[in-house]
Structure formats: C-alpha cells, structure tokens
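Asks: here is the input, now give the coordinates:
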Amino acid sequence: MADEPISDLTQIISKESLDELKTIPIVCPWCNMIYKVSLWQVKRDKKIGVSHGICPQCYKKMKKKNKV
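Replies: Numbering: from 1, shown residues only. The predicted model follows:
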C-alpha cells in the first residue's frame, strides 16, 4: 500500500451524492414575517420548505407578557 501512487488511493465522489446548500426562510408564526434566511446543508433532491421561529419583535412582546 505504501508503494501505490496517491492517485490510486483516492475515491471518486459523484457530484450528485454531495449535500447542497439551500436557502430556507424562517417565518414568525405570530406575525407571519420572514425575519431571517438561513443556508442549510440538505441532501440533494430533498424537498424543503420554510422553518418557523419567533422574530425578535414578537419575542419582546411575549417576554413582556411573561409567555416566553
């Protein structure tokens, strides 16, 4: 194995098998505002949708009402 050229030891990885970076909007369920867009690494050909999380403004409102 030590005498083998490096080119014989490498693997060929197809582009299709690699994960992709996809943009996913994050929507606040309280005000329905898109407040952030994130890049996520997802499997190729996987369907994606939106993600949910509380926006900073709604978080402040909920914190004042002691609901967070």
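Asks: quick one, helices of this protein?
Replies: Ranges of helices in the chain, per DSSP state H, are 6-9, 56-64.
Asks: and those, which one's lowest on average pLDDT?
Replies: Lowest mean pLDDT within those: helix 6-9, a mean of 52.
Asks: show me the contacts for the closest residue in space to residue 33 that isn't next to it in sequence.
Replies: Nearest non-adjacent residue to residue 33, counting by C-beta to C-beta, 6 or more residues apart in numbering: residue 55, 5.7 Å away. Quick note: C-beta positions are derived from backbone N, CA and C, even for glycine. Residues near residue 55 by C-beta atoms under 8 Å, 6 or more residues apart in numbering: 28, 30-31, 33, 35-36.
Asks: would you check which pair of those lies furthest apart?
Replies: 30 and 36 (14.3 Å; C-beta to C-beta).
Asks: specify the beta-bridge partners of the closest residue to residue 23 other than its chain neighbours.
Replies: Nearest non-adjacent residue to residue 23, counting by C-beta to C-beta, 6+ apart: residue 37, 5.6 Å away. Beta-bridge partners recorded for residue 37 (DSSP bridges): residue 25.
Asks: so residue 37 makes contact with residue 27?
Replies: No. Using C-beta atoms under 8 Å, residue 37 makes no contact with residue 27, being 10.4 Å away.
Asks: in terms of neighbours, single out the busier of those two.
Replies: When residue 37 and residue 27 are compared for neighbours, residue 27 comes out ahead with 18 against 10, by other C-beta atoms under 10 Å.
Asks: wait, residue 25 touches residue 52, no?
Replies: No. Using C-beta under 8 Å, residue 25 is not in contact with residue 52, being 9.9 Å away.
Asks: residues in contact with residue 49?
Replies: Applying C-beta under 8 Å, 6+ apart, we find residue 49 in contact with residue 24.
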